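Engineer: Provided below are the primary sequence and the corresponding predicted coordinates.
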Amino acid sequence: MENSEVGTTKSEWAARWADLKYTLYLLRKNPLVMAGIFMTFFFIALMFLANYIVDPKLANPAGYPEFGGNYPFQRSYVWSKGNIINWGPGIHLYEGPEFFLLGTDGWGRDLLKMIVLAIPVDIENAIIITLGAAAFGTLLGALAGYVGGVIDEVVLRITDIFLSIPYLILALVFATMFGRTIETLRFSILLVFWPTYVRLMRGQILSEKEKSYVEALKALGAGHARVLFGHIIPNSIYPVLVQATLDFGSVVLTFSALMFLGFSPSPSLPELGNLASDGYFHIFDAPWLMMFSGLTMLLIALAFNLLGDGLRDVLDPRIRR
Amino acid sequence: MIFVLLGISLIVFYLARGFPSGIDPVTPYIHSKMTAEQIEMVRKIHGFDQPLYIQFFYWIRDILQGDWGITGTWANSRPTNVVFFSHFPYTVELSVAATILTVAIGLPLGIISALKNNKLPDHVSRIIALAGYSVPAYWFGFVLQLVFFYYLSLWGLPHLPSSGASGMEGVVSCITGMPVLDGILAGNLGYTLDALAHLILPAFSLSFISMGFLTRIVRAGMLEVLRQDYITLARSKGLTERVVIYRHALKNALIPAVTLTGMFFALLLGGAMITEYVFAWPGVGQISLRAVFQGDSNFLLVYTLVTAAIIVIANLIVDVLYVFLDPRIKY
Amino acid sequence: MQVKEKEVILEVKDLKVFFHTYRGKVEALNGVELSLYKREVLGLVGESGCGKSVTALTILGLLPENAYVISGTIFFRGEDLLKKSREEMRLLRADEIAAVFQDPMTYLNPVLTMETQLKEVFMLDTNLLRKAVVWQKNHGGKIAFDDLLSGKVKIRDKSTNPKVSKGEINEMAKSLCVDILRLVRMPDPERILRQYAFELSGGMRQRAMIAMALARTPSVFIADEITTAVDVTIQAQILNLMRGLRDKIDASTLLITHDLSVAAENADRIAVMYGGNVVEVAPTVEIFKNHLHPYTSMLMKAIPDVKNPSERLEFIPGTVPEMINPPSGCRFHPRCSIATDKCAVEKPELKRVLKNHEVACYNVAV
């Protein structure tokens, strides 16, 4: 009459799968996280579908062909008459045939459509930057932690240096140096975010390294690379995941902030910060430009932050009893 | 620590002067009417044609001797340190105000959030904190300006000014360079109030964002501490809940929050570029922005160095503070 | 032991406590029955997870938020503690019921000095302190904690109290701290007061906790595994201390431990707990000589016998029950060698089978 079962040894991956299922269960119970997940999925879906919903040619840097390669400037910064929102006096009202739900920007383009086109730009770039920073930082941190010695010291000092530079300066100077292309922008933001991962991973590696299973693996003859990549890194990956989701919000905000300050490769590029900078000089007579582009930015950051927060709460080892 | 500073200056120096495609260090010294030969001569005078490491050496020597070079274009060039230090007090004023607001609102919010965990106040403050670190800085400043300046004035209500640090320039003698303090020192109520009115919106805009982070850390810290065994013992001693929280829990929970606040203050001192830009606040951040666009390497280098030094010093101060807060840490 | 009509000071009846956790409902206490008499030491013995600490926390009113008391009563001086408000319980904890816990390292606040943590207990009763200062002024000499404990000094100052300054109250509290530290045999009390928890050794920390409990002159003293986290020599010291203090304090002690030998040496009566129930209660000598419940018997057999060192220790087959899905009926029945069908259906109640001896089992041979 045994009360407990002496279970058969499960494989490591079966255990990981059970763990994952538990994580999903916990996620479901938390309403804020669910909201974050839905919003995130919404935006990611938009990211893929945007170019189908809205004709990307509407953002065409070469202008609209029907206007002879120019933009319809006669309808820049206008708000459609009969729209639900009344911004007050001093607003240019548009009495033309088309209805712009969110008004137009400085080029006369429909703001709503531009926002839709801008979402993939922001999200894709943010994903690339975050993944890049995480991958680079994690690898470097793992190496530093595992190998130790001089490499460790050097990496630490370099990380210190980068962490002490005010982040905007770093990104700005870098972008100025290397020209205003998307790639340099990405790299410069990556430079700002990678040190955190180095520290994080290094800390994890340092404590994992001392655990007995590493000793056991080595006794069995596993080489360093195998121990590091096959076992230590997968076991330490949770905090990195959490940090990456948390960072995503900051990355996307920084990206659009840089664009806002004027670092976009092309002024007509549909990107949320870029649209906002367009509206900066018209804050009071065309407020919708900054309002809605910023609002979208807020929602995107909110979605990913909710997700990241929820993930962090759920993966907290103390709550998972 | 010195090593870090050196490293930083090396990196930025190399970035600033090392790439022909970027900022030309000669820019502040020339104007458009100069011939190519004259430009070359200027270049030679200032040593810009030397190899980089020699340039770096000269630059370090100059900095340590107090010669921080010239900034601006030919038309309005001024010594860098004059430019920097005339704008720095404004940034200090803004940073101090923002930090005070952040702590004054964020700290109680975090504590209440932890105490009423998972109840309504917790959810509300979590949402506020979430909004804080999800909101784009430029957008939030803009919304504040729209509401408190434009619409209030539109509807004939008293409103807050939208830009600048003071609407009454030159009324009061400049002692500290910070409008509010100068107004107080001069005993001029009107000036002080006006300066405060200019200060509120940008300070709040900044603090809203840092508040998000602070609340989160305070909440997490408090929750962690409240779970500890010594809190159970304190309660079992029959102490009132108030004493348990303020005497036993808070001291333990606040340690990470103090570090964060210190770091924030240091970062703010570096100039919150975006907020200063949006509010046209004459602080160091705004100037540095202009320097980046104008290719003003002298100012940028100085600015980076000073800001990095501030951060490093702040780190040290926080470390020292730790020793006082946590008796377990000994030096 | 004198067979006098003993007065019950604390009575727990049919206490059921559940916890809500992410994994499900944990049925921690399943109808616990306990009686604590005046001036006795009751040993509460059982394996880890059987609910001993939960019982203590419930009595103190310090259950965590996810705990629910389903049913039962806890009578203390004629009142049901479970019906009291938080403030009333707090006052009780400050006055009458004191607890000392295991592992003083985690139970002492790391950033506060010992003086702060000890003085605050005294400062709970400023009236007493004030009167003590006045007494001291009137009678000269110094008041010692001993006097307060033994009641030798009856502080009955009904006259209007002259002004006693905060400083004097503080001074009084501090001197009482020094006194009480001497009482628990701490060397150099003044220095200890200035130190932090991590600067003291394990035994000293435990004594400090005991001092904090003693300072309230409680009538019920709950000691939850106080010897578990210290090594054997310190264990002996602490238990010695407890025995020595016993004569001075007019308190009943609930000594919770998983170590039968500790209970054997220090308790007057022993209550054995298993799976959230008390399964046997009897005076110490009686329970060792004549253990009736099958679980108790197996526990006894698992203790090595000094007189028979080569005898094989028996272990109890099976493992401690999972409290989320506990066995039905008697919770021990899956591991019991004398279980019958009835055991799986209905939980046996604690019944008196001999004088002073209660068992919860259907199949005991008396």
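Structural biologist: Structure received. Predicted model, so just to flag it, every value in this text is computed and none were measured.

Engineer: find the closest residue to chain A in the stretch 251-366 of chain C.
Structural biologist: Nearest to chain A, among the residues of the stretch 251-366 of chain C, is residue C:334, at 4.3 Å (CB to the nearest CB). C-beta here means a position set from N, CA and C on the backbone, and glycine is covered the same way.

Engineer: my error: substitute chain B in the last question.
Structural biologist: For chain B, CB to the nearest CB, closest residue to chain A: residue B:139, 2.8 Å.

Engineer: and the pLDDT for residue B:180?
Structural biologist: pLDDT recorded at residue B:180 is 76.

Engineer: tally of neighbours for the residue of the stretch 251-366 of chain C closest to chain A?
Structural biologist: 20 (other CB atoms under 10 Å in any protein chain shown).

Engineer: follow-up on the earlier one: and the residue of chain B closest to chain A, what does it touch?
Structural biologist: By CB atoms under 8 Å, 6 or more residues apart in numbering or on different chains, the contact list for residue B:139 reads A:276, A:290, A:291, A:293, A:294, A:295, A:297, A:298.

Engineer: 6 Å instead, please
Structural biologist: residue A:294 (CB atoms under 6 Å, 6 or more residues apart in numbering or on different chains).

Engineer: please identify the helix or strand for it.
Structural biologist: helix B:137-145 (DSSP states H and E).

Engineer: least confident secondary structure element in the chain?
Structural biologist: Going with chain A. Each helix and strand of chain A was given a mean pLDDT (mean pLDDT, DSSP states H and E); the minimum falls on helix A:12-29 at a mean of 69.

Engineer: oops, chain B please
Structural biologist: strand B:70-71 (a mean of 64).

Engineer: for the record, mean pLDDT for whichever helix or strand comes after that one?
Structural biologist: Next along the chain after strand B:70-71, taking DSSP H and E as the criterion, comes strand B:78-79. The average pLDDT within strand B:78-79 is 71.

Engineer: note down every partner strand of strand B:78-79 and its orientation.
Structural biologist: Here strand B:78-79 has these sheet partners by DSSP bridges: strand B:70-71 (antiparallel).

Engineer: about what we covered before: using PDB, list the CA coordinates for the helix holding residue B:139.
Structural biologist: Below are the C-alpha coordinates for helix B:137-145, written out as PDB (Å, rounded to 0.1, in the frame of the first residue of the first chain):
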ATOM      1  CA  ALA B 137       9.200  60.400 -23.400                       C
ATOM      2  CA  TYR B 138       8.600  62.700 -26.300                       C
ATOM      3  CA  TRP B 139       4.900  61.900 -26.500                       C
ATOM      4  CA  PHE B 140       4.300  62.300 -22.800                       C
ATOM      5  CA  GLY B 141       5.900  65.700 -22.700                       C
ATOM      6  CA  PHE B 142       3.900  66.700 -25.700                       C
ATOM      7  CA  VAL B 143       0.600  65.600 -24.100                       C
ATOM      8  CA  LEU B 144       1.400  67.500 -21.000                       C
ATOM      9  CA  GLN B 145       2.100  70.600 -23.000                       C
END
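
Engineer: buried sites along that helix?
Structural biologist: B:137, B:138, B:139, B:140, B:141, B:142, B:143, B:144, B:145 (16 or more other CB atoms under 10 Å in any protein chain shown).

Engineer: surely the residue of the stretch 251-366 of chain C closest to chain A is in contact with residue C:327?
Structural biologist: Yes. Taking contacts as CB atoms under 6 Å, residue C:334 lies within contact range of residue C:327: 5.3 Å.
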